[in-house]
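> Here is my input; please provide its structure:
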Amino acid sequence: MKKTESVTIGILGGGQLARMTANAAYKLGLKIAILDPEPDSPAQQITNLRVVGSLNDVRSLENLAQISDLITLENEFVDAPLLEHLESKGMTVYPTAKTVGLVQDKLLQKQLLRANGIGVPPFAAVSRSEDILEAAENFGWPLVLKARRNGYDGRGNALVEGSNDVLPAWRKLRGEEQGLMVEGYVEFRKELAVMVVRSTRGEVVTYPVVETVQKDHICHTVKAPAEVNSAVKEEASQIARGCIETFDGVGIFGIEMFLLRDNRVLVNELAPRPHNSGHYTIEACITSQFENHLRAILGYPLGSSSMVLPAAVMVNLLGNRSDVATVRGVEKALSIPGVNLHLYGKKLTRPSRKMGHITVLGKTMEEALEKAVEAAGSISF
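This next block holds a predicted model:
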C-alpha cells in the first residue's frame with residue numbers, strides 16, 4: 001500500500017454515508033473518489049475526484065477503479081458480479097464481492113445465518129403467491145413479505161395480515177418480476193442494533209448495543225447505550241461478532257436485531273457498510289464507525305469503540321414535503337448547548353428523506369434525549 005497521504009479510497013455511492021466516510025478519511029490524510037449518478041450528491045460535493053454514472057455500469061466502475069487504490073461501498077445494491085469483475089482486474093474491494101453477494105440477497109443472508117446457529121425470524125422463499133399462504137400455515141398471520149434485494153427504510157416490504165392481503169402484497173412487490181421471501185411477524189420488545197468492525201488482519205471491535213426507534217419503517221431515534229440488562233448486551237454483542245465472521249466481512253457492519261419479550265435476541269438484517277444506527281459514534285465514541293471502517297479496510301489497528309460520556313441520542317432530520325430544500329432553524333438548534341448538527345447538503349427534500357441528523361451527549365439518557373428532540377424540532381427543510 002502507498003503512503004497514507006497518497007492513498008485514494010473509491011466509494012460506490014455518494015450519499016451521506018460516503019460523505020461522512022470522506023470526512024473521516026481526510027482526518028487520516030486519505031483521498032476520496034466517488035461514483036454516483038448525481039453530480040451534486042452529498043459526497044460528490046466534498047471531493048474533486050468524481051465519476052458520474054450508474055453503480056451498476058461496468059464502465060463507470062472501471063473509471064472509478066482507475067483513480068482509486070481500494071474500493072469500498074456505501075450501499076449493498078451494487079451487483080456482486082460487477083464487484084467480482086473489479087477483483088478479477090486486480091482491484092481490492094472491501095467488503096469483498098463474495099460477502100456482498102451473500103448479504104445483498106436477504107434470503108441467502110437468512111439461510112447462512114440460520115445455518116451458523118444465529119437466531120432469525122422464521123422465513124421461507126416465495127416464488128408464487130400460493131407460497132405465502134403455505135407460509136401462513138407454518139408461521140401464522142401476520143407475515144412480512146420482502147423483496148430479496150434492494151429494500152431499505154421499509155421500501156420492498158409489505159405487511160400481510162390475512163389471506164385477503166396476499167395478492168395485493170404480491171402485486172405491490174412485483175412478485176412476478178423479482179425474487180421475494182416471507183417472514184413470520186415477530187412481536188418484539190425493542191429494536192436493537194450493534195455496529196461491528198473487522199479488519200483485514202482479523203481484529204474485531206464491537207460498539208455499544210443501541211436501541212433504535214422506528215416510525216413507518218424509518219429510523220427516527222437512536223439511544224446509546226440501549227437500556228437493557230447486561231446479559232442482553234453480551235448476547236447482542238456476541239451475535240454481532242458471529243455475524244461478521246460468518247460472512248467473512250471486512251469493514252464496518254450494522255446488525256439490526258429484535259429483542260423479544262422473553263429476552264431472546266434475533267437478527268433482523270445486516271448492512272455491510274456504515275449504518276444510520278452508528279451515526280452517534282462520530283461524537284459519542286473514541287473512534288467513529290467511519291474511521292474504524294477505513295482503518296479496517298486498510299489493515300490498520302482498530303480504534304476504541306468506548307463512549308466518551310454515559311449517554312448519547314441521535315435524531316434523524318427528515319424531510320416532510322417535496323421541493324427544493326431550504327434549511328430553516330439552524331440558529332435555534334445550535335443555541336442549545338451540546339447539540340452536534342450534521343446536514344447532508346441534499347438539494348431536494350421529500351417526505352421521510354434523510355436530510356441530516358443531530359447527536360447530543362449527556363450524563364443521562366433523559367438529558368440527551370430532551371435536548372436532541374428539541375433541537376431536531378427546530379430544523380425544517
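
> ok, which stretches of this structure are helices?
Under the criterion DSSP state H, helices of the chain are mapped to 16-27, 58-66, 80-88, 97-104, 106-115, 130-139, 166-172, 230-246, 281-284, 289-298, 330-334, 365-378.

> Mean pLDDT added to those, as TSV?
Conversion of the helices of the chain to TSV gives the following (pLDDT from 0 to 100):
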stretch	mean pLDDT
helix 16-27	98
helix 58-66	98
helix 80-88	97
helix 97-104	97
helix 106-115	97
helix 130-139	96
helix 166-172	95
helix 230-246	98
helix 281-284	98
helix 289-298	98
helix 330-334	98
helix 365-378	98
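
> Adding mean neighbour count and distance to Ile218 as columns, could you present the ones you listed in TSV?
Every residue, glycine included, has its C-beta placed from N, CA and C. Shown next, in TSV, are these (neighbours: other CB atoms under 10 Å; distance: least, CB to CB, whole Å):
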stretch	mean neighbour count	distance to Ile218
helix 16-27	23	14
helix 58-66	18	29
helix 80-88	17	27
helix 97-104	21	20
helix 106-115	18	18
helix 130-139	15	25
helix 166-172	16	18
helix 230-246	18	22
helix 281-284	24	20
helix 289-298	25	19
helix 330-334	14	20
helix 365-378	19	14
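
> what's the closest of these to Val313?
helix 365-378 (4.2 Å; CB to CB).

> Distance to Leu159 for the helices of the chain - can I get that in TSV?
TSV is the format used below for those (distance: least, CB to CB, whole Å):
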stretch	distance to Leu159
helix 16-27	27
helix 58-66	36
helix 80-88	29
helix 97-104	23
helix 106-115	16
helix 130-139	12
helix 166-172	8
helix 230-246	25
helix 281-284	32
helix 289-298	30
helix 330-334	35
helix 365-378	27
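
> wait, which of those helices is closest to Lys223?
Evaluated over the helices of the chain, closeness to Lys223 peaks at helix 365-378, with 6.1 Å, by CB to CB.

> ok, now which ones touch Arg148?
Listed by CB atoms under 8 Å, 6 or more residues apart in numbering, the contact set of Arg148 reads Asp105, Lys106, Leu107, Leu108, Gln178, Gly179, Leu180, Met181.

> Nearest residue to it in space, please, no chain neighbours.
Using CB to CB, 6 or more residues apart in numbering and skipping the chain neighbours, the partner closest in space to Arg148 is Gly179 (4.0 Å).

> what's around the one you found, how many residues?
16 (other CB atoms under 10 Å).

> cool, and Tyr344?
Applying other CB under 10 Å, we find 20 other residues in the vicinity of Tyr344.

> pretty sure it is touching Gly14, no?
No: using CB atoms under 8 Å, Tyr344 is not in contact with Gly14; the gap is 10.6 Å.

> and for the two, which residues touch both?
The contact sets of Tyr344 and Gly14 overlap at Pro42 (CB under 8 Å, 6+ apart).

> sorry, back to before: wait, doesn't the residue nearest to Arg148 sit right on Ala147?
Yes: contact between Gly179 and Ala147 holds when scored by CB under 8 Å: they sit 7.4 Å apart.

> and the nearest residue to Asn75 once chain neighbours are set aside, how far is that from Glu211?
Spatial nearest neighbour of Asn75, excluding adjacent residues (CB to CB, 6+ apart): Gly13 at 5.0 Å. Distance, Gly13 to Glu211, by CB to CB, to the nearest Å: 27 Å.

> now Gly151
The value you get for Gly151 to Glu211, if CB to CB is used, is 22 Å.

> More neighbours: which of those two?
Between Gly151 and Glu211, counting by other CB under 10 Å, Glu211 is the more crowded of the two (19 against 16).

> which ones are touching the nearest residue to Gly117 once chain neighbours are set aside?
Excluding its sequence neighbours, the residue lying closest to Gly117 (CB to CB, 6+ apart) is Gly242, at 7.9 Å. Gly242 sits next to Asn116, Gly117, Ile118 when contact means CB under 8 Å, 6+ apart.

> The same query, at a cut-off of 10 Å, please.
By CB atoms under 10 Å, 6 or more residues apart in numbering, Gly242 lies in contact with Leu113, Asn116, Gly117, Ile118, Val196, Ile255, Val267.

> do Ala124 as well
Contacts for Ala124 (CB under 10 Å, 6+ apart) come out as 107, 110, 131-132, 134-135, 138-139, 143, 181-184.

> Of those residues, which is the nearest to Val51?
Closest approach between the contacts of Ala124 and Val51, by CB to CB: Leu107, at 31.7 Å.

> so how far is Lys146 from that closest one?
Taking CB to CB as the measure, Leu107 falls 9 Å from Lys146.

> tell me, what residue is most central in this protein?
Nearest to the mean C-alpha position of the chain, by CA atoms, centre = their mean, lies His275 at 3.0 Å.

> Surely that residue touches Gly251?
No: look at His275 against Gly251 with CB atoms under 10 Å: they stay out of range, at 11.3 Å.
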